[in-house]
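1. Return a 3D structure for these sequence lines:
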Amino acid sequence: MKSKMYKHLLCLLLVSALIIGAICSCSAVEIGIAETSKLSDAAASTGASDDLTATGSVYEIKGELSADKLSSYRDDDELPFVPAVPQRPTTSPTEAPTEAPTEAPTEAPTEVPTETPTEAPTEAPTPSVNGLVDGYFYIDGKLAKGKGLVEYEGAIYFVRTDGTVYTSGKLNVTEAKANGIRPAGTYRFDANGKMLDVGIIDGKYYEGGVIKKAAGVVLFENKYYFVRRDGSVLTSGKITVDEESANGLVPAGSYRADKNGRLDITGIYNGKYYEDGRIKLSAGVVQFKGGYYFVRKDGSLFTGGKLNVTEAKANGLVSPGYYKFDETGKMLINGIVNGYYYKNGVVQLGTGIVKFNGDFYFIKKDGSVFVGSLDVKESKTNGLIKAGTYVFDKNGKLIG
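-> Predicted coordinates for the structure are as follows:
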């Protein structure tokens, strides 16, 4: 009975030893060695050393103990068993380490870069900067962002919201952005940002966005003006224009300017007919410097051809009918017209006695016909009448 109990106890101890051996650490090895030492001593005292074999530092039971050998142990003897201790693994673990890596993080740095920004400068290079610098416009050392129209060195620029000047194109300038420099409207700007407006604005004459000084006579919106040395336009005064200052636009001479600066010019200049400084449109037949011309719808002269002049367009200067005009636009009329004697459109001066449409006339020095009583000398009879005293009617016809 006692022998069976030992066997059962031995089996339980073997199972327990296997379980404990699987989970024990190095300390269990030491314990096992100690137990083996005890077992070795017990085996020596009982003669059971032949049933044990050494494997490394661990002893195992060889085979099975016989019932006789088990019965030979006393109740208070220690069992001849040392549990097998698992060997330490010699290979590195394959699991990933749980500790945080020591390498530097690969995330982007959070510090502010030290490079110079590429955006437009917000401050002037120096407090003294004013005007246009590298396409940017400064006022008192600061960018004039969104300023609109500005004047600089005689030219006009438009400053945009980023401080640059508008270039190469047309731009509609509102009243708010005109800053009183120009009326609201559409203006052109060149590649450098200069306004390309031409004309008279605020009493001064501009060409290419710049005040044109000492320009002399200029033509703007079909009217003539005289521009003085400072670029201003002459107003409410009289000016003597020499040939150089006339710029080929008007004959040299004296002219009067009205309160708006418009020169009081009446006549034909550069192929167009003017009255009071303005081009006269659709004027029909007009008289200028003894000649007759026909003014068309656009104010230009009819030239080099034949034209049927209606009564409405004859303006009482000539009779209705067909007339020829030379290359300058002069009407090639012949005879007495409005009290003057013409040949091929040219007034004949101081001719004396002439015959026209069967009647005789006396032509004075200015080309007009004589009216009244006159002593006609032989040299002025032109062989048409005898020398003597004659009477001419109100139209210049010789009546007796």
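2. Would you mind measuring from Tyr205 to Pro183?
-> 16 Å (CB to CB, to the nearest Å). Quick note: C-beta positions are derived from backbone N, CA and C, even for glycine.
3. Of the two, give the one with the bigger neighbour count.
-> Tyr205 (22 against 11; other CB atoms under 10 Å).
4. Show me which residues of the helix or strand where the more buried one lies are buried.
-> Applying DSSP states H and E as the criterion places Tyr205 in strand 204-207. Buried residues in strand 204-207, defined by neighbour count with 16 or more other CB atoms under 10 Å: 204-206.
5. Closest to Ile239 out of the residues you listed?
-> Of all these, Ile239 sits closest to Tyr205, with 14.4 Å by CB to CB.
6. ok so, going back, beyond the strand holding Tyr205, next helix or strand please.
-> By DSSP H and E, the next helix or strand past strand 204-207 is strand 210-211.
7. Can you report the mean pLDDT over the residues of that following strand?
-> Average pLDDT, strand 210-211: 80.
8. what ranges of the protein fall below the confidence cut-off?
-> Regions of the chain meeting the criterion pLDDT under 70 cover residues 1-12, 14-127.
9. Tell me how it divides into domains.
-> Domain segmentation of the chain under automatic domain parsing yields 2-72, 131-197, 337-392.
10. and Lys297, helix, strand or coil?
-> Following DSSP: H, G, I helix; E, B strand; the rest coil, we place Lys297 in the coil state.
11. Surely it touches Ser282?
-> Yes. Between Lys297 and Ser282 there is a contact under CB atoms under 8 Å: 4.8 Å.
12. Quote the end-to-end distance of stretch 155-168.
-> By CA to CA, to the nearest Å, the extent of stretch 155-168 from end to end equals 15 Å.
13. Could you shift the numbering so residue one becomes 55, and keep it that way?
-> Understood, numbering begins at 55; the last thing we discussed is stretch 209-222.
14. which outside residues touch it?
-> 174, 186, 189-192, 197-205, 225, 227, 231, 235-236, 241, 243-249, 251, 263-264 (CB atoms under 8 Å, 6 or more residues apart in numbering).
15. so of those, which ones are in helices?
-> Lys231 (DSSP state H).
16. now the helices for the stretch 205-354 of the chain?
-> Ranges of helices within the stretch 205-354 of the chain are 229-232, 297-300, based on DSSP state H, counting those that start in this stretch.
17. Put together JSON lines for those helices, with distance to Lys326 on each row.
-> As requested, the helices of the stretch 205-354 of the chain are exported to JSON lines (distance: least, CB to CB, whole Å):
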{"stretch": "helix 229-232", "distance to Lys326": "33"}
{"stretch": "helix 297-300", "distance to Lys326": "16"}
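18. Can you add distance to Leu428 and mean neighbour count and give those helices back as TSV?
-> Shown next, in TSV, are the helices of the stretch 205-354 of the chain (distance: least, CB to CB, whole Å; neighbours: other CB atoms under 10 Å):
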stretch	distance to Leu428	mean neighbour count
helix 229-232	69	14
helix 297-300	41	14
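19. if we can go back for a sec, go ahead and build a ChimeraX selection from the buried members of the contacts of stretch 209-222.
-> Only the buried entries of the contacts of stretch 209-222 go into this ChimeraX selection, using 16+ other CB under 10 Å:
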select :186,190,191,192,197,198,201,202,203,204,225,227,231,235,236,241,243,247,248,249,251,263,264
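20. In strands only, show me the contacts of stretch 209-222.
-> 186, 190-192, 197, 202-205, 225, 227, 241, 243, 264 (DSSP state E).
21. Between all of those residues, which two are separated the most?
-> Among the ones in strands among the contacts of stretch 209-222, Leu197 and Val264 lie farthest apart (CB to CB), at 24.0 Å.
22. quick one: Asp188 from Gly262, how far?
-> Asp188 is 22 Å from Gly262, by CB to CB.
23. So which bits of stretch 424-434 are buried?
-> In stretch 424-434, counting by 16+ other CB under 10 Å, buried: 424-425, 428, 430, 434.
24. now, the most widely separated pair of those?
-> Val425 and Lys434 (15.9 Å).
25. Make sure Ser290 is actually in contact with Arg316.
-> No. Under the criterion of CB under 8 Å, Ser290 is not in contact with Arg316, lying 10.6 Å apart.
26. Who has more neighbours out of those two?
-> Regarding Ser290 and Arg316, a neighbour count based on other CB under 10 Å identifies Arg316 as having more, with 22 against 10.
27. which one is the more buried one nearest to, not counting chain neighbours?
-> Gly331 (4.2 Å; CB to CB, 6 or more residues apart in numbering).
28. how many neighbours does that neighbour have?
-> Neighbour tally, Gly331, other CB under 10 Å: 20.
29. what's the answer for the one 3 residues further on, then?
-> If you count neighbours by other CB under 10 Å, Lys334 ends up with 17.
30. which residues touch it?
-> Counting by CB under 8 Å, 6+ apart, Lys334 has contacts 327-328, 340, 349, 353.
31. Name the nearest residue to Leu366, ignoring sequence neighbours.
-> Rather than Leu, residue 366 is Ala. Gly338 (7.3 Å).
32. Please apply the same query to Thr240.
-> Per CB to CB, 6+ apart, closest to Thr240 is Asn226, 5.0 Å.
33. Isn't that neighbour up against Gly239?
-> Yes. Asn226 lies in contact with Gly239 (CB under 8 Å); the separation is 7.3 Å.
34. re earlier: TSV please, covering the contacts of Lys334 and showing distance to Ile439.
-> Formatted as TSV, the contacts of Lys334 follow (distance: CB to CB, whole Å):
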residue	distance to Ile439
Tyr327	39
Tyr328	43
Val340	35
Val349	39
Gly353	45
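35. Now stretch 363-370: buried residues?
-> Quick answer for stretch 363-370 (16+ other CB under 10 Å): 363, 367-369.
36. can you check stretch 265-272 too?
-> Buried residues in stretch 265-272 (16+ other CB under 10 Å): 265-266, 269-272.
37. Pick out the most distant pair among those.
-> The widest separation within the buried residues of stretch 265-272 (CB to CB) is 16.7 Å, between Ile265 and Val271.
38. Check the spacing between the spatially closest residue to Lys199 that is not a sequence neighbour and Asp420 real quick.
-> Among residues not flanking Lys199 along the chain, Gly217 sits closest, at 4.7 Å (CB to CB, 6+ apart). From Gly217 over to Asp420 the distance is 69 Å, taken as CB to CB.
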